[in-house]
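> Okay, structure incoming, though there's no sequence with it:
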């Protein structure tokens, strides 16, 4: 599977940290890293996902996919913030 450019992962990680958003990183070690504890982890069990590891992204790990967790009413603001930082360098899906 294709890895994201480290620059994109770093920009998204910094953006999540700055705004207090939860960011999930699906890594090349088949783990899911989260920048903060997830209070609602039931979705993981329902989807058969591995447990979250609360860790900050660094250059030692490759990332396949990033997911920002947020409330539906915050989606447009979150999307605009991400698009302003990553531009055309990555695709954003909801």
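Now that the structure is in, tell me what you want to look at. On a predicted model such as this, the values are computed, not experimentally measured, just so you know.

> Could you pull up the mean pLDDT of stretch 27-41?
In this model, stretch 27-41 has an average pLDDT of 83.

> Buried residues, that stretch. List them.
Using 16 or more other C-beta atoms under 10 Å as the test for burial, stretch 27-41 gives 27, 32-35, 38. The C-beta positions use only the backbone N, C-alpha and C, and glycine is treated the same way.

> OK, contacts around residue 68?
The neighbours of residue 68, taking C-beta atoms under 8 Å, 6 or more residues apart in numbering as the test, are 12, 16, 21-24, 78, 82.

> try 10 Å
12, 15-16, 19, 21-24, 74-75, 78-79, 81-82, 92 (C-beta atoms under 10 Å, 6 or more residues apart in numbering).

> can you check residue 86 too?
4-5, 7-8, 11-12, 15, 66, 92.

> Adding neighbour count, secondary structure and pLDDT as columns, could you present these in CSV?
Formatted as CSV, the contacts of residue 86 follow (neighbours: other C-beta atoms under 10 Å; DSSP: H, G, I helix; E, B strand; the rest coil; pLDDT from 0 to 100):
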residue, neighbour count, secondary structure, pLDDT
4, 19, coil, 90
5, 12, coil, 90
7, 11, helix, 90
8, 16, helix, 90
11, 18, helix, 91
12, 24, helix, 91
15, 18, helix, 90
66, 22, strand, 91
92, 11, coil, 69
